[in-house]
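*Asks:* structure of the sequence below:
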Amino acid sequence: MSGHRIAFRNARLIDPASGLDARGGLLVENGRIADVGPRLFNDADPSDPEVVDCRGQALSPGLVDMRVFTGEPGSEHRETLESASRAAAAGGVTTIAVMPNTDPVIDEPSLVDFINRRAAATASVHVAPMAALTQGLRGETMTEIGLLREAGAVAFTDGDRTIANARVLRRALSYASAFGALVVGHAEDPDLSAGAAMTEGEFAMRLGIPAAPAAAETIVVERDIRLVELTGARYHFGQISCRASLEAVAAAKQRGLPITCAVSAHHLALNELDVGSYLTFMKVKPPLRSEADRAAMVEGVASGVIDVVVSSHDPQAADTKRQPFASAAFGAVGLETLLPVALGVHHDGRADLAHVLKAVTATPASILGLPAGRLAKGAPADLVLFDPDAPFVVEAAGLHSRARNTPFEGRKLQGRVRMTFVDGRRVFERSKP
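*Replies:* Next up, the predicted model:
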């Protein structure tokens, strides 16, 4: 790679971190951005060995996805780091933060090291491991946050499990605060939501599906906000999905608490009615909410109260989804649909393009303390070239993930990735428009 140069010309440069949105060009040298700006728009240099004509399409930092589940180690039939990275590259995602919900659980420094080494050997995008907050994800004894952080863990979470014991969580938050570590929480009261497969309401009642109230989420959101107030720890809600939770987070932010939150792409675009006739690919955690709650999530992204949009990529084997709705596994794949679904907030006229892109680039990179998410001299050349307006129909058979459990099968979306670069290496190129 030494001396390798790539010149991007005729691009619409969008850098949410600096507010840049202009026609221009970008130069990559040795895996980093050497220069960027309007004056490079069509400034061809005979010494450039590789020139990419962007044809006026958008060139932005690669996406940073803060919530990705894989099956490695332990359930490689669902997804490996290699297959997840292929799906990520196809979706313009250049960094994936992977959850510790594996077998074994990522709760020891040696296992964080395993993820880092395995990713370096097999993955085509950056992999940022999150470590478990409690041993074995049991919610009883906290892990060695300091040692795990030294090993390379970017944050601490029990993934899709809530720490029910407030005393345990308070101790973990106090300990994390001493290290300046980020804690990522899952907001879902395990007792209120036990056995539930949908959000409580008339539609769940008509289908005869066991359901839990949306309050199961908000109760935990409000509890965790109080614990952050006690400890001062940096805290990120991995997902919120209803208006009451949004209002609680907005109030906490107004009080100056170090709290951020995310929403999944499927909670931006889908509601409980999309479950239709027991479609198990729509069974996710937290469950799809009412249309009023979905609209509130869009409002939250547009207003900036919701900081980040995530894929909540959770691949499931076919046999765990081909079951009655109540017993089917939770989860949906989402790496390849994250960008176009998030862009829906822009296409609906709710926010400009740079604002939406910030929620999937600069902001998640900043929260995780990563050098990604910006178009700046010296920054890693993690880039996505895409047409924000290009329409396409989602086809599960064309996805790069090992699993095919997308809730967007047959859905018409806008926003098509043309190329993805990681450290200046081309890791994805669409063969046809």
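*Asks:* who's in contact with the helix or strand where Ala295 lies?
*Replies:* Assessed by DSSP states H and E, Ala295 sits inside helix 291-303. Applying CB atoms under 8 Å, 6 or more residues apart in numbering, the external contacts of helix 291-303 come out as 214, 240-243, 246, 263, 267-273, 288, 306, 309, 342, 345, 348, 350-351, 355-356, 359. (Glycine included, C-beta is placed from N, CA and C.)
*Asks:* show the buried residues in those residues.
*Replies:* 214, 240-243, 246, 263, 267-272, 288, 306, 309, 342, 345, 351, 355-356, 359 (16 or more other CB atoms under 10 Å).
*Asks:* what about Ala181, how many residues close to it?
*Replies:* Number of residues near Ala181 (other CB atoms under 10 Å) recorded here: 23.
*Asks:* tell me where the stretch 151-300 of the chain has helices.
*Replies:* Along the stretch 151-300 of the chain, the stretches classed as helices by DSSP state H, counting those that start in this stretch are 166-179, 202-207, 215-231, 243-254, 265-269, 291-303.
*Asks:* gap between the residue nearest to Asp107 when sequence neighbours are not counted and Ser18?
*Replies:* Distances taken as CB to CB, 6 or more residues apart in numbering put Ala132 closest to Asp107, at 3.9 Å, once the chain neighbours are dropped. Look at Ala132 and Ser18: by CB to CB, to the nearest Å, they are 36 Å apart.
*Asks:* the more surrounded of these two?
*Replies:* Applying other CB under 10 Å to Ala132 and Ser18 shows that Ala132 carries more neighbours, namely 28 against 14.
*Asks:* wait, doesn't that one sit right on Thr157?
*Replies:* Yes. With contact defined as CB atoms under 8 Å, Ala132 counts as touching Thr157 (7.3 Å).
*Asks:* overlap in contacts, these two.
*Replies:* When CB under 8 Å, 6+ apart defines a contact, the residues bordering Ala132 and Thr157 alike are Pro100.
*Asks:* ok, which stretches of the stretch 301-433 of the chain are helices?
*Replies:* Using DSSP H, counting those that start in this stretch, the helices found in the stretch 301-433 of the chain span residues 318-321, 338-347, 353-358, 362-368.
*Asks:* same for the longest one, what does it pack against?
*Replies:* In terms of contacts (3 or more CB pairs under 8 Å, 6 or more residues apart in numbering; DSSP states H and E), helix 338-347 is packed against strand 63-68, helix 265-269, helix 291-303, strand 308-310, helix 353-358, strand 383-393, strand 412-422.
*Asks:* winner for burial among those?
*Replies:* Burial of the helices and strands packed on helix 338-347 is given as mean neighbour count (mean count of other CB atoms under 10 Å); strand 63-68 ranks first at a mean of 30.
*Asks:* show me the contacts for Lys253.
*Replies:* Here Lys253 is in contact with 259, 305 (CB under 8 Å, 6+ apart).
*Asks:* from Val310, how far off is it?
*Replies:* Lys253 sits at a distance of 19 Å from Val310 (criterion: CB to CB).
*Asks:* right, and Gly71 touches Thr80 too?
*Replies:* Yes. Look at Gly71 against Thr80 with CB under 8 Å: they come within range, at 6.7 Å.
*Asks:* which of the two has more residues huddled nearby?
*Replies:* Gly71 (23 against 20).
*Asks:* assign that one to helix, strand or coil.
*Replies:* The local conformation at Gly71, judged by DSSP: H, G, I helix; E, B strand; the rest coil, is coil.
*Asks:* quick one: contacts for it?
*Replies:* Contact analysis of Gly71 by CB under 8 Å, 6+ apart lists 77-80, 102, 315, 402.
*Asks:* how about a cut-off of 7 Å?
*Replies:* 77-80, 315 (CB atoms under 7 Å, 6 or more residues apart in numbering).
*Asks:* also Ala354?
*Replies:* The neighbours of Ala354, taking CB under 7 Å, 6+ apart as the test, are 14, 16, 21.
*Asks:* what does Asp53 give?
*Replies:* Taking CB under 7 Å, 6+ apart, we find Asp53 in contact with 9-10.
*Asks:* and for Val168?
*Replies:* 134, 139-140, 142.
*Asks:* what do you get for Leu383?
*Replies:* If you count contacts by CB under 7 Å, 6+ apart, Leu383 has them with 59, 61-62, 421.
*Asks:* now Val394. Nearest residue, chain neighbours left out?
*Replies:* Phe408 (4.3 Å).
*Asks:* angles on the backbone of Val52, please.
*Replies:* phi -110, psi 110 (degrees, to the nearest 10).
*Asks:* what's the burial count for the closest residue in space to it that isn't next to it in sequence?
*Replies:* Closest residue to Val52 apart from its sequence neighbours, by CB to CB, 6+ apart: Phe8 at 4.9 Å. Using other CB under 10 Å, Phe8 has 27 neighbouring residues.
*Asks:* now Phe8: phi and psi?
*Replies:* Torsion angles at Phe8 (phi, psi; degrees, to the nearest 10) stand at phi -100, psi 120.
*Asks:* quick revisit: by mean pLDDT, show me the worst of the helices of the stretch 301-433 of the chain.
*Replies:* Confidence, taken as mean pLDDT, is least for helix 318-321 of those (a mean of 94).
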